[in-house]
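Q: need coordinates for the below:
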Amino acid sequence: MFAVDISTLVRDALKENGCEQMLQGDLDSHSTIALDLHRLPSIYITNKDGEVWLWSQLIEHNDNVFDQCSTRLLNVLMQGCSFVRGEQLQLAVNDGYLELRGLLQANSLRDGQSFSEALDGYLELLERFVEAVQ
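A: Residues are numbered from 1 along each chain as shown. Got it, this is the predicted structure:
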């Protein structure tokens, strides 16, 4: 995998979408970057060993709630997505939360525009997953 500067990708993607006002201060490529959203969970962008992950904490994990919404979650998950490896997002329990996450394909990391398209796609799916757990 090639070296990825996620701070530049995030900055360029936000500019692509006219959202540069969301940027407050410098971004650090060596730390997880959080995009805080109104009425949705934050989107976290992490560069782990040269691979870029998008992830969000959907809800606090609760077996009863998970049982109630698992069919809806599976239906959304099965729709797939083109910007992550394997064209499939992941659901996982981590630190007491149900997380939605995806490992981005290399072509989503070429430039700000391609990263913006991946972020837009993730945001659209995040909205569907949030609806599924409500």
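Q: so for the top helix by length along the chain, mean pLDDT?
A: For the chain, the helix reaching the highest residue count under DSSP state H is reported as helix 112-133. Helix 112-133 shows a mean pLDDT of 94.
Q: distance from that helix to the middle of the chain?
A: How far helix 112-133 lies from its chain's middle: 7 Å, per Cα atoms, centre = their mean, to the nearest Å.
Q: kindly report the same for stretch 99-108.
A: The mean C-alpha position of stretch 99-108 is separated from the chain mean by 7 Å, Cα atoms, centre = their mean.
Q: now do stretch 64-84
A: Centre-to-centre, stretch 64-84 and its host chain are 15 Å apart (Cα atoms, centre = their mean).
Q: for the worst-scoring helix or strand of the chain on mean pLDDT, buried residues please.
A: Every helix and strand of the chain was ranked by mean pLDDT, DSSP states H and E. The lowest is helix 6-16, at a mean of 77. Buried residues in helix 6-16, counting neighbours by 16 or more other Cβ atoms under 10 Å, are found at 6-7, 9-14, 16. (C-beta placed from N, C-alpha, C; glycine too.)
Q: mind putting the residues you listed into a markdown table with distance to residue 35?
A: Listed next are the buried residues of helix 6-16 as a markdown table, based on distance: Cβ to Cβ, whole Å:
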| residue | distance to residue 35 |
| --- | --- |
| 6 | 12 |
| 7 | 12 |
| 9 | 12 |
| 10 | 8 |
| 11 | 12 |
| 12 | 14 |
| 13 | 10 |
| 14 | 8 |
| 16 | 14 |
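Q: can you tell me the closest non-neighbouring residue to the residue sitting nearest the centre point of the chain?
A: Taking Cα atoms, centre = their mean, the centroid of the chain lies closest to residue 54, which sits 3.1 Å from it. In space, and not counting its chain neighbours, residue 54 is closest to residue 122: 4.9 Å by Cβ to Cβ, 6 or more residues apart in numbering.
Q: I figured the one you found hits residue 52, correct?
A: No. Contact status for residue 122 versus residue 52: not in contact, 11.4 Å apart, counting by Cβ atoms under 8 Å.
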